[in-house]
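Novice: Structural data only, the sequence is not supplied:
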C-alpha cells in the first residue's frame, strides 16, 4: 500500500508491503514501532536510530510531537486520495486570505479599516490574552476586507477577524 | 442506594442518595471526587482533606493505591448482595488451607513431605525468583497434603503448591 | 512553629511552598478556583478549599475569601507566593488585622517599595545608586521634553508597575507619544493607575539582582546575585547564579547596597533588589521585589539555603540561622522557564490539554512544575507552567545539563518554550556569557537544525500508524500485534536486513 | 574524546550513563533484550540494538554479541554499568582484544579483586586491615572446626561472591552445616563456583565504603565515605554520605587505606573499597567493588563530582581534574532504593504492569529511574526499579526531604519498598543515626499508622465509583458529570454543608 503524508506543505511518499517492509521516497527504511503507553507515547527505531514520539489522532492524520516540536501530519492512502481528488472542488482564488484569531482573547484595538492597503507585518489587531497584549500582524501585503471584530469583543481561538484581499491590479 | 465495601476483611457501609449525599457507617461525609487522567488517577476531597488515589478496576470492585499502600476493595450494592447470598454455596470447611506460590519462580527445594505436621512459620518450599531464594513458610500449623510441586519445576504466580489440612483431633 | 499554613497561590509555586511546609512538618491548606480543582498542588496539599470561579479577580485575588478560609481551616499563616496578592499591602494588612501571619514583609515595606517613585527616593537616601530619569505624574508633553534631556533611548515605565507590564522602550521622539498611550493603557488595566515615568536606557546593561534575607530582629544578609538578562518583552526567560560579570568584589559591593536598601524600609522576609549593571561594572537600582521570586531556585542550588523554609522561620519570629560569612556560593545553576507559548509564532500563548508528559530527571536537574497529564492549560493565568533548573560544577556543566534535560522533556498537547531554550543553549554568545537585556531583540536563537529530519519521521510514523490501523483485523492490541515478543515492524526490519545481506 | 559509547546494561543505570554521555556530547548505543524494547533507556539512547531474549544469560551477559554491536554501530567504548558484565574480567579483556575501550578497570585489577581470597591477600600486603577469617576452599568439616576457633557468630561467604549472594550469618554450630549447603548452592548458581569461606562477624558493625577515582597516570583520590548499614539479607536498602560515625580524621585514615588498596592493584577508573567499622572506630576491609556502585549518586551530591563523567574521561586517558585537596563534602545525601518488592510480605518480588506513575521532584530531590507507565515489571532482572536521592543542608534536612518525596511518590501496578522507607524514616534510631548492619534484623520499621484511615478512604472511593457507574446514564464522561464545572459530588457536598447550617 502507498501512503501520502503531508507535513508543513511538504509531501512524503511511503510504501508499506503487507509484511511491513517500508520504502520512503524510494529509500528502504528499517523501522520498528511500538506504542509504549495508552497516552500515545511511541518508540520508533529507524535503522537503529531511536526516537520517542507522542501521537494524537486528528480528523485526518496525526499530530506528532518529537523533541519539543509538534507536527500536524495529513496522511492518506492512495485509494483514499484518488477518491477525494475526483470530487474535489475548485479551490478558492488564492488572492483572498482570511485572518483568524490565533488565540482566544479580548480585542483591545483594531488598527486597520476596510479598504486599507497594508504591507507585510503591519499590525492589524491587538488581542489581550494572559494579561499581555499580542499584536496580530499582516502575514503578507493586501487590502483589508470584511472586518468582523470590534474593540471590546471577546473572540474564540481561530475565529475569523477579517480578510486580506489581493492588492489592486494596476491594469 | 446502600453499598457494602470490604477491604482486608473489614466491612464498610456507604449510603449514597441520588443527589450524591454520602453517609458512611452512619456518619455524613462531604466528598468531591474527580478523575484526573485517563490512567485512573483520582483526586478526592473528604471534608476538605485532600487525597490522591490510583484506581484500577478488578473483577468485582477496585484496586485502590493510596500513598504507597494498595488495597483490594470488594464492593457491591445491596441488591447485588442479596441476590448473591440467596444462591451462595456452602463454604468449604475452614480446616483446609491451600498454599499458593506468592510469585512465579523455580522450586529449589520442597522442605516437607505429605502427612508431615508443621508449625506456624515452618519453611515449606524455597522458590527462586529474581536470583534470590525466597522461603515460603506455613501461615499456620497443620498437616501437609497434596503436594503438587517438585524440585526444578517452574511455577506460575498463585499456582497451588500444597494444602495444609487441620491437625489430627485428639478425640 | 506554625501547625498549618494556607498557600494563597496556584501552580508550581503553590507546590513549592507545600513542599517546604511538609519538610517542616507543617500541614498545608490549598485554595483553588474552578479551573484548578484537579491541579497538582490541590492534590498534594493536606486540605483544599474552593474559593471561586476561574478569573483571578474572583478567586486568587479575593483576599477576603482567602482569609476566611484560613480562619475556617485553622491556618495560622498565609504564604502568598509570587504574583496575585504577594505584593498587595492591603492584603498583608488585612492578614495582620485578622490575626493571621502574612509570610512576607510588612504592609509598610510593601507599600514603600511598591510605588516605584517612593521606592527610588527611599533607597537613594540610603546611598543606593539610581538610573537618571523623571519623576512620575508628568504630562505627555512634559515627558517629551524630559526625554530630549535624558537622551534616547528612554524607557517608559508604569509607576505602579512590575513584571514588564506597562513598560516600553522608545528609540526616537516620534515613537514616544504612541508608546506612552500604550503603556498608560496597559498600566491602567493591570494596576488601575496610568501614571508613568521615564528612565534612561542603560545600554549594554545586564539585569542582575541580589537576593536578601532579613529577620524581624534586624539581621539582614544577602545570598549573592542572579543574572536575568535573557528577557523577551521584559519577561525573564532564563536566570542563572552566579553571573559571569560579577566577581567577588562586585558581589560584595552590590550585596552591601542591597542590604542597605532592605534596611531602609525595615525589610523582613525574603526579597530581591534588582539592578542594571553596565559594561563598566556600574550598577543602578531598578526596583525591589518584596516577595519570593520565580527564579529563587538558582540561588538555593548555589548557596544550599532553602529560601522558602527560611521565609517560614522568619515569619515565625526566628532569628536568621546564618551570618553573611556562612554564605558561600558553590557551582552554577541555570533556570529555564517552561511556558505554554509558541516560540515559532511570536510566543503566542498556546492552550490545550496536556496529553503526555515526562519531565527530565537525573544528576543536577531540579524541576518545579505544575503540569500533569489531563491538565487544561487555559488563558486565565500566567503561561509559565514549569521551571527546569540545571546545576553543575561550573557554568559549562550547568548549560550541558540544561541542554540534556531539555532534550529529555516530553510534553504534548500545548506548544512550549522548550524549542526556544534548545536554540538558546546552542547560541555561542549565550554559551560565552556575552549578552545584555536586549540580547533577544538582536539575536534570534537558532531553530532546531534537524527540523527536516523530524518532519520526515513524523510523516513516516503517521503512515505506519495508518497502515497498522488498516491491518487491525490481523494485528490487534496497542502493542502493534506483538504476540510473540516481535512486532510486525521488527519482523519486517529483520527481513529487510536479510535482503540487504543477499 | 569518544564519539560514541555503547552501554552494556539496562534500567536506571543505563539511563544514568546515557545522560553522562549526552552531557559530554557523546552519542549513545543501547542494547536491549525482548523484555526491554520499550524501556526508557532504549528510547533515550541515540541508537538501540536488540541482543536476544529476556534471560540475561542470552542477552545482557552475552559479551560476544555486545562487542559485535559495538563494532557494527561504531562505538569506541563500552560502559558496563553495575551487575551483568561489570566485574567480568574476561569481558574486559575481550573488549581490549576487540579494540573497544572498556570503561572501567583493567581485566587484571578485576581479576585480583574479584576473587575475595586473592583480594584480601593483596590488600593486606598493602597494609589494609582485614577481618579475622579462614582461607577459601576448606571442606565443611574444616570450616566447622575453624568456626569454633573464630567464635560465633560467623559469616559464610562465597569466594566469587558479591551483592549478598551466597552469604549467610550463622549463630550456632548446629546451623552451620545447612547454611554452608545453602550458600554453596546459591554461589554455584550465581557464579558457577561453590567455594566458600568464613569470616568473623564484627558485632555492631557499620558498612562504610570509600569511593575512589584513579586515572591511568597513577593519580588516585578518594571522594569520602558512604554508609550503607541499612541492609536486608545483605542487600543495601538505604545509603548516605557522609556517615554519622565518620569524622574528618577517620575519613582521612579510611581514605588513605582505600587509596592504598586501589594502588595495590594498579587500579584505574571509579571503584569502591568496602569496610566494616566497629563501635570503637576500628575498620576492616570487606572487599573492593571494581565498578560503578548503585549508590554513587549520594557521593556525587555531597562532592559535586559527576562520577560517571569522570569514568569516561579516565577511560579516554585523561588525567584526573582534581587532587585530593579539591574534594570537599558539603551537605548530606540519602538514597532510598525503590524496589518492586512487597515490604508487608517479607519483601516478596512483586510483578505487574505500571499503570500510574508520578515521581517526586522539587528542592533537593534527585531521581534515577527506569520506570514508566506501561512498563512490565517481571522476574528476569533485579527488583530495583528506581532510586530516590534526597540532598539537604544537613542530615535532618535530607531525611525530611526524603520523607516528603516518599509521600509524593505515586506508583501503581506493583507493590514497592516505599512503605518500608516511610516507616524507616519515622524510626527514631534511624533518625538519630544509631544503627548497624543488623539493624533491620532487630528493628522492624513501623508500618504506616494511618492504615485504617486509608482503608476507609479506599472503601469510600470504591462505593462512589460504583455509584457513579450506576448513574452513568445521567453523568457521562470521565470527570464524573462535571458539565458546569461543578461535579455531582461537590454539589452534594455543598448541599451537605447547607444542611448542617440549618
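Specialist: All right, it came through fine. Just so you know, these numbers come straight off a predicted model, no measurement behind them.
Novice: so where is chain C shaky, pLDDT-wise?
Specialist: Chain C contains residues with pLDDT under 70 at C:161-163, C:448, C:472-487, C:493-502.
Novice: for it, longest strand please?
Specialist: With DSSP state E setting the assignment, residue counts place strand C:220-232 as the longest strand in chain C.
Novice: list the contacts for the closest residue to chain B within the stretch 201-350 of chain C?
Specialist: Of all residues in the stretch 201-350 of chain C, residue C:340 sits closest to chain B, at 17.9 Å by Cβ to the nearest Cβ. C-betas here are computed from N, CA, C, even on glycine. Counting by Cβ atoms under 8 Å, 6 or more residues apart in numbering or on different chains, residue C:340 makes contact with C:349-351, C:377, C:383, C:385, C:414-416.
Novice: just to revisit the earlier point, counting contacts, what elements does whichever helix or strand comes after the longest strand of chain C pack onto?
Specialist: Toward the C-terminus, strand C:220-232 is succeeded by strand C:235-241 as the next helix or strand (DSSP states H and E). Of the remaining helices and strands, those touching strand C:235-241 by 3 or more Cβ pairs under 8 Å, 6 or more residues apart in numbering or on different chains; DSSP states H and E are strand C:220-232, helix C:296-303, strand C:332-339, helix C:418-425.
Novice: if you set the cut-off to 10 Å instead, what comes out?
Specialist: The helices and strands touching strand C:235-241, judged by 3 or more Cβ pairs under 10 Å, 6 or more residues apart in numbering or on different chains; DSSP states H and E, are strand C:206-214, strand C:220-232, helix C:296-303, strand C:332-339, strand C:384-392, helix C:395-408, helix C:418-425.
Novice: closest one to chain A among the ones you listed?
Specialist: Taking the helices and strands packed on strand C:235-241 one by one with Cβ to the nearest Cβ, helix C:418-425 is closest: 3.9 Å.
Novice: which residue sits closest to the residue sitting nearest the centre point of chain C, ignoring its sequence neighbours?
Specialist: For chain C, residue C:294 is the residue whose C-alpha lies nearest the centre (Cα atoms, centre = their mean; 3.5 Å). The shortest distance from residue C:294 to any residue other than its chain neighbours is 5.9 Å, reached at residue C:82 (Cβ to Cβ, 6 or more residues apart in numbering or on different chains).
Novice: Distance of the one you found relative to chain B?
Specialist: 23 Å (Cβ to the nearest Cβ, to the nearest Å).
Novice: Wait, the residue nearest to the centre of chain C touches residue C:384, no?
Specialist: Yes. At 7.2 Å, residue C:294 counts as touching residue C:384 under the criterion of Cβ atoms under 10 Å.
Novice: Next, show the common contact partners of these two.
Specialist: Residues touching both residue C:294 and residue C:384 by Cβ atoms under 10 Å, 6 or more residues apart in numbering or on different chains: C:12-13, C:83, C:236, C:337.
Novice: quick one: residue C:376 and residue D:372, what's the gap?
Specialist: Relative to residue D:372, residue C:376 is positioned 24 Å away (Cβ to Cβ, to the nearest Å).
Novice: circling back: can you lay out the shared contacts of residue C:294 and residue C:384 as JSON lines showing neighbour count and distance to residue D:219?
Specialist: Compiled in JSON lines, the shared contacts of residue C:294 and residue C:384 are given as follows (neighbours: other Cβ atoms under 10 Å in any protein chain shown; distance: Cβ to Cβ, whole Å):
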{"residue": "C:12", "neighbour count": "25", "distance to residue D:219": "44"}
{"residue": "C:13", "neighbour count": "27", "distance to residue D:219": "46"}
{"residue": "C:83", "neighbour count": "22", "distance to residue D:219": "51"}
{"residue": "C:236", "neighbour count": "22", "distance to residue D:219": "43"}
{"residue": "C:337", "neighbour count": "24", "distance to residue D:219": "41"}
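Novice: With respect to chain A, which of those residues is nearest?
Specialist: residue C:83 (10.0 Å).
Novice: helix, strand or coil for that closest one?
Specialist: Three-state call for residue C:83 (DSSP: H, G, I helix; E, B strand; the rest coil): coil.
Novice: list the buried ones in the one helix or strand residue C:182 maps to?
Specialist: Using DSSP H and E, residue C:182 sits in helix C:173-191. Across helix C:173-191, burial judged by 16 or more other Cβ atoms under 10 Å in any protein chain shown covers C:176, C:179-180, C:182-187, C:189-191.
Novice: Which of those lies at the shortest distance from chain B?
Specialist: Of all those, chain B sits closest to residue C:190, with 32.4 Å by Cβ to the nearest Cβ.
Novice: ok, so what distance separates the closest one from chain A?
Specialist: 7 Å.
Novice: Quick check: closest non-adjacent residue to that residue.
Specialist: In space, residue C:190 is closest to residue C:165, 4.5 Å off (Cβ to Cβ, 6+ apart).
Novice: wait, isn't that neighbour in contact with residue C:182?
Specialist: No. The pair residue C:165 / residue C:182 is not scored as a contact, 11.1 Å apart, by Cβ under 10 Å.
Novice: overlap in contacts of these two?
Specialist: Common neighbours of residue C:165 and residue C:182 (Cβ under 10 Å, 6+ apart) are residue A:133.
Novice: which residues sit in contact with residue C:177?
Specialist: C:140-141, C:143-144, C:170.
Novice: which of these come close to chain B?
Specialist: For chain B, no contacts are drawn from the contacts of residue C:177 by Cβ under 10 Å from any Cβ of the partner chain.
Novice: Please spell out the ChimeraX selection for the buried subset of those.
Specialist: For anyone working in ChimeraX, the buried entries among the contacts of residue C:177, judged by 16+ other Cβ under 10 Å, can be selected with:
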select /C:143,170
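Novice: In strands, which of the contacts of residue C:177 fall?
Specialist: Those of the contacts of residue C:177 lying in strands (DSSP E): residue C:170.
Novice: Going by distance to chain A, which of the contacts of residue C:177 wins?
Specialist: So of the contacts of residue C:177, ranked by how close each gets to chain A (Cβ to the nearest Cβ), first place is residue C:170, at 16.3 Å.
Novice: ok, the closest one - contacts?
Specialist: By Cβ under 10 Å, 6+ apart, the contact list for residue C:170 reads C:147, C:152-156, C:176-180, C:183, C:198, C:201.
Novice: hmm, back to that, and of the helices and strands packed on strand C:235-241, who's closest to residue D:392?
Specialist: Checking these against residue D:392 by Cβ to Cβ gives helix C:296-303 as the closest, at 11.2 Å.
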